[in-house]
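*Asks:* okay, predicted coordinates and the sequence, questions at the end:
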Amino acid sequence: MSDTRSDDAALEHRLEQMLEIDSFPPPEAFRERALWSDPAIYEEAAADPVAWWTARAKELLDWDVEPSEGLDDSDPPFYRWFADGRVNASAQCLDRHVAAGLGDRVAYHWRGEEGERRDVTYAELLDSTQRFANALRALGVGKGDVVGIYLPMIPEVAVAMLACARIGAIHNVVFGGFSAESVRERMEFSQARALVTVDGARRKGRTAPVKRQVDEHLGDLPALETIVVVRATGVECPMTAGRDVFYEEVCAAADPDCPAEPMEAEHPLFILYTSGSTAKPKGILHTTGGYLTGVTTTHRYVFDLRPETDVWWCAADVGWITGHSYIVYGPLSNGATSVMWEGAPDHPHQGIWWEIVQDHGVSILYAAPTAIRTFIRWGAEIPGRYDLTSLRLLGSVGEPINPKAWLWYHEVIGGGRCPILDTWWQTETGAIMITPLPGITATKPGSATTPFPGIAADVVEERSGEPVAEGQGLLVLERPWPSMLRTLYKEDERFLETYFSRFGRGRYLVGDAARRDADGHLWVIGRIDDVVNVSGHRLSTAEVESAIVAHEKVAEAAVIGQSDPDTGQAICAFVTLTGDTEPSEELEAAVREEVATRIGKFARPKRIVWAEDLPKTRSGKIMRRLLRDIAEGRALGDVTTLRDPGVMAELEAQIAAEGEGED
Ligand code: PRX
């Protein structure tokens, strides 16, 4: 038996030494075979980005009507791409592969929490999609209607999305980790006509009664005419006659043929709510032709994809943009075979990811740094028990990856041979924007390196907007790209205000700070707004604050993101209580529970600091900067603008007492 502790120490030592290496060129063997290995691609795209993207749209999609023009920029920033083209997203993802004789190819190797395996082929996915599309129509859903989808990681989630796309309904997927109350809000804002959900969802051996919770929170929404329930677990679930139907039953009764309707390229494909600076989530709207072009191109060329031989695994959840773009639309449009994993990384055991890689011969893995940091904590010995030699490429997404985690991923999971792709993008961008290309870019641990061909990213000075040649500033995208959001659903003004008010309509304000190094490579630092990134999950501090103050004993709350070795950032809440309420452990649990009910368990504060008062300016604005300083144990910044400087001394005493309590 090997000595695990000395193995760990040796690995630690090796990684420490590797921190000195500042660049990892593509392995020669990889470069020789790569789809793209000539850096001239960047100049080619930059010379005429619209023509370049149009060429990708024609190369990778089969249009019903080919577009005659690329970009319509007559009304910036309300851009239109390929506007006179027609294409159906579900036909791109399914019909064309089946027509090409690939119907028996596995679209998803689905793995269930309790060890179930289900292979879903392209032909099966097409059949289910057609039936469900017809079923939705029979239930009164038509082109332009919004359909909510609140499902766990089961193949039906892809079917539901594609069925909507087939008939031009706009899907609005809500991550399964959000509470039913959050689903309600998202259905209400989007005036959803139907909701597709499950009887229950499994998580680590337990089953949550999803349909019952949905009924409790959504029962009275006037626009919501239909709830379709997938029987996934068999758990008891209430059904309301006239409103609720079972997925299996409506599919069985449906006509199996549903020809795909060619959609205008700018027809809305989906809305996905994400967090911004205020408590109200933003409905990011993506349309058909440009979005498909963006995800199909990046999935193919960032990951050097060979659909015939690769096994692709994006270990995100379908409920986030990463899942939309790289579990559903990108991989299916490219005809890839993917793994879809229902469960958590530690159920039934901490080696389950690596068992899945081994079982299915996964060749490309795309995961979040939080997951990698968790595996580091569990030890290299666990993945060491599995054969991971099928892996040839590793991706990272969702948050900055610290160099140590990058190197561990490279060495322990990738065996030193797999290029690491740190990909930066957002719900708004639809597809990857800043990334290495595996056959071209020399990577640097911690840097997403350079913009994808056809994308222009810049780091600019905060006030003047002047480009920063080397150093830190705000990240912006300089020109439109096909998969960009078109607006915030039914909120054009907010769209303009959020992204195009600071530097004008020609420049998209990302909301992240970044640094450009001497080689021109980009290092994304983190958000500049009140958005917190917990385990790659995007949350607004205002959203969490309003959930906390909903508790009857809470007078006021201020939430900040605190750096955390495991989750990147963690939620820290400063809470003042009403009247003479005394803090207690029960109250702390109740406050956390309030957040779980209103948003979801993943948004619960990791740390609650009871405060007599919060630091405010004379005009009453909470000074979060000071709260961040105090939470991180830093020297306090300028306190002269505080209305009552004594507040900080009290908070410092409170934090000191908290520290003593831990000892
Ligand atoms: O702050 C950036 C961070 O995640 C934000 C976007 O979050 P969301 O819309 O939920 O999409 C996440 C998945 C694409 C960004 O504004 N982010 C995303 N990828 C990276 C990242 N930060 C650093 N490095 C990345 N690779």
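*Replies:* Great, that's in hand.
*Asks:* helices of the stretch 51-200 of the chain, start to end?
*Replies:* 89-90, 96-97, 122-138, 155-167, 180-190 (DSSP state H, counting those that start in this stretch).
*Asks:* nearest to the ligand, of the ones you listed?
*Replies:* helix 180-190 (14.8 Å; C-beta to the nearest ligand atom). (C-beta placed from N, C-alpha, C; glycine too.)
*Asks:* quick one: mean pLDDT over the closest one.
*Replies:* The average pLDDT within helix 180-190 is 96.
*Asks:* next one: stretch 332-342
*Replies:* pLDDT averaged over stretch 332-342 gives 98.
*Asks:* do you know how far the residue of the chain most remote from its centre is from the ligand?
*Replies:* In the chain, D580 marks the outermost C-alpha relative to the chain mean, sitting 41.9 Å out by C-alpha atoms, centre = their mean. The spacing between D580 and the ligand, counted by C-beta to the nearest ligand atom, to the nearest Å, is 41 Å.
*Asks:* quick one on the thing from earlier: redo the helices of the stretch 51-200 of the chain as CSV? Include distance to V559.
*Replies:* Formatted as CSV, the helices of the stretch 51-200 of the chain follow (distance: least, C-beta to C-beta, whole Å):
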stretch, distance to V559
helix 89-90, 37
helix 96-97, 46
helix 122-138, 39
helix 155-167, 30
helix 180-190, 16
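*Asks:* export the ones you listed to JSON lines and tack on mean neighbour count and distance to the ligand?
*Replies:* Formatted as JSON lines, these follow (neighbours: other C-beta atoms under 10 Å; distance: least, C-beta to the nearest ligand atom, whole Å):
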{"stretch": "helix 89-90", "mean neighbour count": "28", "distance to the ligand": "19"}
{"stretch": "helix 96-97", "mean neighbour count": "21", "distance to the ligand": "26"}
{"stretch": "helix 122-138", "mean neighbour count": "22", "distance to the ligand": "24"}
{"stretch": "helix 155-167", "mean neighbour count": "27", "distance to the ligand": "17"}
{"stretch": "helix 180-190", "mean neighbour count": "21", "distance to the ligand": "15"}
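*Asks:* so for W408, which of those helices sits nearest?
*Replies:* helix 155-167 (31.1 Å; C-beta to C-beta).
*Asks:* can you give me the angle the closest one makes with helix 122-138?
*Replies:* Using axes from the mean of the first three to the mean of the last three C-alpha atoms, to 10 degrees, the inter-axis angle of helix 155-167 relative to helix 122-138 is 60 degrees.
*Asks:* which strands or helices does helix 155-167 pack on?
*Replies:* Judged by 3 or more C-beta pairs under 8 Å, 6 or more residues apart in numbering; DSSP states H and E, helix 155-167 is in contact with helix 89-90, strand 106-111, helix 122-138, strand 146-150, strand 170-173, strand 268-274.
*Asks:* can you show me the CA trace of that helix as CSV?
*Replies:* Below are the C-alpha coordinates for helix 155-167, written out as CSV (Å, rounded to 0.1, in the frame of the first residue of the first chain):
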residue,chain,number,x,y,z
PRO,A,155,-33.0,13.5,-20.0
GLU,A,156,-36.5,14.9,-20.0
VAL,A,157,-35.0,18.3,-19.3
ALA,A,158,-33.3,18.3,-22.8
VAL,A,159,-36.5,17.0,-24.3
ALA,A,160,-38.6,19.8,-22.8
MET,A,161,-36.1,22.4,-24.0
LEU,A,162,-36.0,21.1,-27.5
ALA,A,163,-39.7,20.6,-27.7
CYS,A,164,-40.2,24.2,-26.9
ALA,A,165,-37.6,25.2,-29.5
ARG,A,166,-39.4,23.0,-32.1
ILE,A,167,-42.6,24.9,-31.9
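*Asks:* quick check: angle from that helix to strand 146-150?
*Replies:* 170 degrees.
*Asks:* distance from the chain centre to helix 155-167, please.
*Replies:* Here helix 155-167 shows a centroid-to-chain-centroid distance of 19 Å under the convention C-alpha atoms, centre = their mean, to the nearest Å.
*Asks:* mean confidence score for it?
*Replies:* 98.
*Asks:* nearest to P26, of the helices and strands packed on helix 155-167?
*Replies:* Going by C-beta to C-beta, the one of the helices and strands packed on helix 155-167 nearest P26 is strand 106-111, 28.2 Å.
*Asks:* tell me which residues are up against the closest one.
*Replies:* 116-122, 124-125, 154-155, 158, 311, 332, 337-343, 356, 360 (C-beta atoms under 8 Å, 6 or more residues apart in numbering).
*Asks:* which parts of the stretch 451-600 of the chain are helices?
*Replies:* Going by DSSP H, counting those that start in this stretch, the stretch 451-600 of the chain shows helices at 492-500, 541-549, 585-598.
*Asks:* out of these, nearest to the ligand?
*Replies:* Using C-beta to the nearest ligand atom, those put helix 492-500 closest to the ligand, at 11.8 Å.
*Asks:* could you check that closest one against the ligand for contacts?
*Replies:* No - Helix 492-500 lies out of reach of the ligand by C-beta under 6 Å from any ligand atom, never closer than 11.8 Å.
*Asks:* which other helices and strands contact that helix?
*Replies:* Going by 3+ C-beta pairs under 8 Å, 6+ apart, helix 492-500 lies up against strand 487-488, strand 508-516.
*Asks:* what's around the spatially closest residue to V534 that is not a sequence neighbour, how many residues?
*Replies:* Of all residues not flanking V534 in the chain, T567 sits nearest, at 5.2 Å (C-beta to C-beta, 6 or more residues apart in numbering). Neighbour count of T567, defined by other C-beta atoms under 10 Å: 24.
*Asks:* what's the answer for A99, then?
*Replies:* Neighbours of A99 (other C-beta under 10 Å): 12.
*Asks:* tell me how far it lies from V459.
*Replies:* For A99, the distance to V459 (C-beta to C-beta, to the nearest Å) stands at 45 Å.
*Asks:* and this protein, what are its domains?
*Replies:* 1-101+262-528, 120-252, 530-662 (automatic domain parsing).
*Asks:* between those domains, which gets the lowest average pLDDT?
*Replies:* domain 530-662 (a mean of 91).
*Asks:* kindly export stretch 432-451 (C-alpha atoms) in PDB.
*Replies:* Output in PDB follows, covering the C-alpha atoms of stretch 432-451 (Å, rounded to 0.1, in the frame of the first residue of the first chain):
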ATOM      1  CA  ILE A 432     -17.400  31.300 -24.300                       C
ATOM      2  CA  MET A 433     -15.700  34.700 -24.900                       C
ATOM      3  CA  ILE A 434     -12.200  34.500 -23.500                       C
ATOM      4  CA  THR A 435     -10.300  31.200 -23.600                       C
ATOM      5  CA  PRO A 436      -7.200  29.500 -24.800                       C
ATOM      6  CA  LEU A 437      -7.400  27.500 -28.000                       C
ATOM      7  CA  PRO A 438      -5.900  24.100 -27.200                       C
ATOM      8  CA  GLY A 439      -3.800  23.700 -30.300                       C
ATOM      9  CA  ILE A 440      -2.600  27.300 -30.300                       C
ATOM     10  CA  THR A 441      -2.400  29.000 -27.000                       C
ATOM     11  CA  ALA A 442       0.400  28.700 -24.400                       C
ATOM     12  CA  THR A 443      -1.700  28.700 -21.200                       C
ATOM     13  CA  LYS A 444      -0.900  30.300 -17.900                       C
ATOM     14  CA  PRO A 445      -2.400  28.900 -14.700                       C
ATOM     15  CA  GLY A 446      -5.100  31.400 -13.600                       C
ATOM     16  CA  SER A 447      -5.500  33.300 -16.800                       C
ATOM     17  CA  ALA A 448      -8.300  32.800 -19.300                       C
ATOM     18  CA  THR A 449      -5.800  34.200 -21.800                       C
ATOM     19  CA  THR A 450      -7.200  35.800 -24.900                       C
ATOM     20  CA  PRO A 451     -10.600  36.500 -26.600                       C
END
